[in-house]
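# One predicted model, sequence on top.
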Amino acid sequence: MRTNRLLLAVTITLLAGCGAAPQSPTKAADKNPVAAADKADKGAKGDKADKSSEDQPATGKQDKPSDLGKPLAQHEKDFMSGCSKSPDFKPYCDCAWGVFATAFSVAEMNKDDLAQDKLNAVQKKTGQVCIDKMPESMVKEGFMKGCSQDNPGFKDYCECYWPELRKKFSIGEIADKAVVKSEKFALAGRDVAKKCAVKLPEAEVKKSFMKGCTEGGPAAEKFCGCAWTQLRSVMSHAEIEMAAAHSTPEFKKAQEKIEKSCAKLRPAK
């Protein structure tokens, strides 16, 4: 059964929304941290079930039983088994299955490969229709990974940041890229960053900034050191690290100062 490909697709959709983690402004402005999608468990081969009305829910396209594949009920069972890793996943998985079963017939599900264009459409629609059903545990996991950047020095700050963020935004909003890129989210992030600044070592923020800034090579070190100084002249280290820092007036002011004071140090391409 090819439901495992769909399961992987909707899992990626689920994780791709987790883009609210604070990040260094050296990263691309439209790049949101995401948790790596777990490989979907391969659906276990099941014995053919007897044809019954329960095998054909109203959401799925109806097909005659095929000797070449499994009935709809078995596809649903396999999908839910792989998707519902914990009880809080069930509402999202139910929604995702509904989108999938509406788009694909049983005959299509039994094919070796699902049509990629339809699969892409299902993935997109799942993200739109099921976003408010995303489990908090998964969204938080994605947030924490993006926030900490696998750096233990950020752990306490991220643990402080998450509950403060949840006071201001729902899980669906935190998982929505449009919300994360909004001015409202940027302003809220600035307030949260101020509250949690004491938990964030400035040395770790600078280290992260310099690492990202000097990816082009050691020739950029002087420019990056100057850029850091200009950033810190108008923003706290926590504000620099916060989500959507690039959209704040302070960051734009810092960019002007960087261009004026540091441009001559920028390495030639």
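In hand now; what should we look at?

# what about this protein, any weak spots by pLDDT?
1-68, 243-245 (pLDDT under 70).

# in it, which spans are helices?
Under the criterion DSSP state H, helices of the chain are mapped to 3-16, 72-83, 90-103, 106-109, 116-129, 136-148, 155-168, 171-174, 177-180, 183-196, 202-213, 221-234, 237-241, 249-262.

# now for the fifth one, which elements pack on it?
The elements that helix 116-129 packs onto, with contact taken as 3 or more Cβ pairs under 8 Å, 6 or more residues apart in numbering; DSSP states H and E, are helix 3-16, helix 90-103. All C-beta atoms are positioned from the backbone trio N, CA, C, and that covers glycine.

# What of the fourth one?
For helix 106-109, the elements it packs on are helix 72-83, judged by 3+ Cβ pairs under 8 Å, 6+ apart.

# mind listing what's buried in the helix it packs on?
72-80, 82-83 (16 or more other Cβ atoms under 10 Å).

# Using TSV, lay out the residues you listed together with distance to S170.
TSV is the format used below for the buried residues of helix 72-83 (distance: Cβ to Cβ, whole Å):
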residue	distance to S170
L72	33
A73	34
Q74	35
H75	32
E76	28
K77	31
D78	31
F79	26
M80	25
G82	27
C83	22
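
# The helices of the chain: which one's closest to A268?
Closest to A268 of those is helix 221-234 (Cβ to Cβ; 10.9 Å).

# Show me which residues of that closest one are buried.
Within helix 221-234, judged by 16+ other Cβ under 10 Å, the buried ones are 223-228, 230-232, 234.

# quick check, nearest of these to T102?
Nearest to T102 among the buried residues of helix 221-234, with distances taken as Cβ to Cβ, is L231, at 48.8 Å.

# Run through the residues that contact the closest one.
Neighbouring residues of L231 by Cβ atoms under 8 Å, 6 or more residues apart in numbering: 25, 209, 240, 251, 254, 258.

# burial measure for the last one, as a count.
The one in question is I258. I258 has 21 neighbours, counted by other Cβ atoms under 10 Å.

# wouldn't it be in contact with Q230 here?
Yes. Counting by Cβ atoms under 8 Å, I258 touches Q230, with 4.7 Å between them.

# shared neighbours of these two, anything?
Contacts common to I258 and Q230, judged by Cβ under 8 Å, 6+ apart, are absent.

# quick one on the thing from earlier: would you turn the contacts of L231 into JSON lines with distance to D150?
Listed next are the contacts of L231 as JSON lines, based on distance: Cβ to Cβ, whole Å:
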{"residue": "P25", "distance to D150": "19"}
{"residue": "F209", "distance to D150": "16"}
{"residue": "I240", "distance to D150": "19"}
{"residue": "F251", "distance to D150": "24"}
{"residue": "A254", "distance to D150": "26"}
{"residue": "I258", "distance to D150": "27"}
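
# So which of those wins on neighbours?
I240 (28 neighbours).

# Surely that one and G212 touch.
No. If you go by Cβ under 8 Å, I240 and G212 don't touch, sitting 11.4 Å apart.

# so which of the buried residues of helix 72-83 comes closest to C196?
Closest to C196, out of all of the buried residues of helix 72-83 and judged by Cβ to Cβ, is C83, at 33.4 Å.

# contacts for stretch 256-264?
Contacts to stretch 256-264, defined as Cβ under 8 Å, 6+ apart, come from residues 223, 226-227, 230-231, 233-234.

# let's see 6 Å
223, 226-227, 230 (Cβ atoms under 6 Å, 6 or more residues apart in numbering).

# Would you mind measuring from K111 to F104?
K111 is 9 Å from F104, where distance means Cβ to Cβ, to the nearest Å.

# Next: Y161.
In terms of Cβ to Cβ, Y161 sits 40 Å off from F104.
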